[in-house]
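*Asks:* need coordinates for the following:
(one chain, ligands or ions: 1)
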Amino acid sequence: MPPKSILIKNGYILTLNHKREIITDGSLYIENDTIADVGKTEDLKGHKAELVIDATNKIVMPGLIDTHTHLAQALIRGCADDVSLVDWLKKYVWVLQGNFTKDDGRVSAELCMAEMIRTGTTSFIECMIHTRYGFDGIAQAVDRVGVRGALSKIIMDSTGYADSADIMYPGMVEDADACLKETDEMYTKWHGKADGRVQVWYGLRSLGAVTPELFKDVARRAREKQTRMTMHLGEVVDDVRYVKDNFGTNLTTFAREHNLLGPDMVFAHGIHFEDSELKVLAESKSNISHCPSSNMKLASGFAKVPQMLNAGVPVSLGCDGGPSNNTYDMIREMRLAALIHKSYVNDPLVMTAEQAIEMATLGGAVAMGIDDTVGSLVSGKLADVILVDLQGLSVTPASNPVSNLVYSGSGDAVDTVIVNGKLLMQEKRLLTLDEEQVKANAVVHASKLLERSGVDISPKWPIV
Ligand SMILES: [Zn+2]
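*Replies:* Residues are numbered from 1 along each chain as shown. Predicted structure coming up:
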């Protein structure tokens, strides 16, 4: 039986509470799925817990929240590197994904979630589940594994400008009516299920892949169901061109005219906004998922994140996918988010380690619409907690644990992960997944997928 109460003691607690207090020699007491008490170890020693975890030399902090991820792409990690975006899509990613089976979808999701837990991610937004990946199997895996996930069914009814560039792969095309029907079915079956850990969202593919009428229809359906939406927006300059050429407008005006702005929307990437549009995003409280690794790898550009934060736009962080990142490690993502903007605008003051942590925790909770229940370590919130070890070589000396976490750390330093009060990893051992089996399954499925799809990923150097 899993412990009903857990006392984590002697830790360096990043509470992310409204004062952003750090508690040295701190304790956190969990009862069932809830944080029941947080404070100095001395003050909490009266709590008698079924399990006591000593967090000496460890950071105790809210679980990380990845707001833009593709579970299915873990299986095609390393299969599309150092190529143009057109080739990335046309020759590799869409061909591989267009040959997925439902078993591939489940195996990839398990691989992805195993990596997420190992690197401290407790919640995520999966932005587009194609029917061929098997939504139901993925939702079952989320239920079994114990993480918190917003699962977005992909919505599309056009091949749009992908088709005009002749890059759309037939296996990736979906029918609008079938998309909407499957979303309804999965919403009824899974939304709010698995102890409230699973949400079902609408994953609008991108501009050009969804017709204007369907954008409006989906916005109406999402609000009727009181669920949420996500879509790629402003990742590529083509998005700007598309709305200008076809509607004579900019991205946010298009979004407003199609009812896509609001706190229930997560725009992934959000790179190519004009300065004047940031105010519109802030006023509408539309969320941006900033994906620095993906943006750098695909040379998409630099999102105006410091300006967005100054303007009050809700910004969170996303790892994107296996071929664009190529990890699902949010600690490494925090590092890049804290670094790249300094260089881009020639100012080391524009982004701090603390802001990177806020984006990866509270910002993510806002994007998922769950900031009243997760995202910080305060009494009464759900117990989504991670412990990060500060004793590795790369994080020694831990004179400033916040700095070490963001600038010196990686997901390898994560030691223990708790979601909804349940242990998913303890002392670096996964408890709800058989790690060796997950890896073995991934190797077999990836090799069969490569063979079936005929994609050549030979190294650039000669093999002898
Ligand atoms: Zn994406």
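
*Asks:* and the helix or strand containing residue 252, what's buried?
*Replies:* Element membership for residue 252 (DSSP states H and E) is helix 251-257. Neighbour-count burial for helix 251-257 flags 251, 252, 254, 255 (criterion: 16 or more other CB atoms under 10 Å). Every C-beta, even on glycine, is put in place using the N, C-alpha and C of the backbone.

*Asks:* so which other helices or strands are in contact with it?
*Replies:* Packing partners of helix 251-257 (3 or more CB pairs under 8 Å, 6 or more residues apart in numbering; DSSP states H and E): helix 237-247, helix 277-284.

*Asks:* any idea how far residue 224 is from residue 201?
*Replies:* 14 Å (CB to CB, to the nearest Å).

*Asks:* same question but for residue 335, I mixed them up
*Replies:* Noted for residue 335: a distance of 28 Å to residue 201, by CB to CB.

*Asks:* tell me which of the two has more neighbours.
*Replies:* residue 201 (31 against 21; other CB atoms under 10 Å).

*Asks:* which SS class is the more buried one?
*Replies:* Under DSSP: H, G, I helix; E, B strand; the rest coil, residue 201 falls in the strand class.

*Asks:* what bridges to it?
*Replies:* residue 152 (DSSP bridges).

*Asks:* list the contacts of it.
*Replies:* Residue 201 makes contact with 125, 150, 151, 152, 153, 222, 227, 228, 229, 230, according to CB atoms under 8 Å, 6 or more residues apart in numbering.

*Asks:* quickly list the domain ranges of the chain.
*Replies:* With domains defined by automatic domain parsing, the chain comprises 5-62+374-428, 64-368.

*Asks:* residue 440 is nearest to which of the ones you listed?
*Replies:* domain 64-368 (9.9 Å; CB to CB).

*Asks:* and the closest residue in space to residue 297 that isn't next to it in sequence, which of the three is it?
*Replies:* Counting by CB to CB, 6 or more residues apart in numbering, residue 324 is the residue found nearest to residue 297 once chain neighbours are left out, at 5.6 Å. Secondary structure, three-state DSSP: residue 324 is coil.

*Asks:* which residues does residue 324 contact?
*Replies:* Contacts of residue 324 (CB under 8 Å, 6+ apart): 73, 80, 88, 291, 293, 294, 297, 298.

*Asks:* hmm, 7 Å instead?
*Replies:* Residue 324 makes contact with 294, 297, 298, according to CB atoms under 7 Å, 6 or more residues apart in numbering.

*Asks:* do you know the pLDDT at it?
*Replies:* On pLDDT, residue 324 comes in at 96.

*Asks:* give me the phi and psi angles of it.
*Replies:* The phi/psi pair for residue 324 (degrees, to the nearest 10) reads phi -110, psi 0.

*Asks:* go on, the one 3 residues further on?
*Replies:* Listed backbone geometry of residue 327 is phi -130, psi 170, with angles given as degrees, to the nearest 10.

*Asks:* heads up, I number from 11, so please use that
*Replies:* Happy to do that; since the first residue is 11 now, the last one works out to residue 337.

*Asks:* so where's the protein uncertain?
*Replies:* The chain contains residues with pLDDT under 70 at 172-175.

*Asks:* what about 50?
*Replies:* Nowhere does the chain drop to pLDDT under 50.

*Asks:* and the longest helix for this protein?
*Replies:* With DSSP state H setting the assignment, residue counts place helix 445-463 as the longest helix in the chain.

*Asks:* buried by neighbour count: which residues of that helix qualify?
*Replies:* 448, 451, 452, 455, 456, 459, 460, 463.

*Asks:* helices or strands next to that helix in the packing?
*Replies:* Packing partners of helix 445-463 (3 or more CB pairs under 7 Å, 6 or more residues apart in numbering; DSSP states H and E): helix 104-107, helix 112-128.

*Asks:* okay, the ones you listed in CSV with distance to residue 279 and mean neighbour count next?
*Replies:* Formatted as CSV, these follow (distance: least, CB to CB, whole Å; neighbours: other CB atoms under 10 Å):
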stretch, distance to residue 279, mean neighbour count
helix 104-107, 18, 24
helix 112-128, 19, 24
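
*Asks:* make TSV out of those helices and add distance to residue 251.
*Replies:* Compiled in TSV, these are given as follows (distance: least, CB to CB, whole Å):
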stretch	distance to residue 251
helix 104-107	21
helix 112-128	32
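
*Asks:* closest to residue 21 out of the ones you listed?
*Replies:* Nearest of the helices and strands packed on helix 445-463 (CB to CB): helix 112-128, 19.2 Å.

*Asks:* if we can go back for a sec, would you mind finding the most buried of the helices and strands packed on helix 261-267?
*Replies:* Stretch with highest mean neighbour count among those: helix 287-294 (a mean of 18; mean count of other CB atoms under 10 Å).

*Asks:* wait, which of the helices and strands packed on helix 445-463 is closest to residue 474?
*Replies:* helix 104-107 (26.8 Å).

*Asks:* dump the C-alpha coordinates for that closest one into PDB.
*Replies:* The C-alpha coordinates for helix 104-107 follow below in PDB (Å, rounded to 0.1, in the frame of the first residue of the first chain):
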ATOM      1  CA  TRP A 104       5.700  13.500 -40.900                       C
ATOM      2  CA  VAL A 105       6.700  10.300 -42.800                       C
ATOM      3  CA  LEU A 106       7.600   8.600 -39.500                       C
ATOM      4  CA  GLN A 107       4.600   9.800 -37.600                       C
END
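
*Asks:* I'm done for today, thanks for sticking with me.
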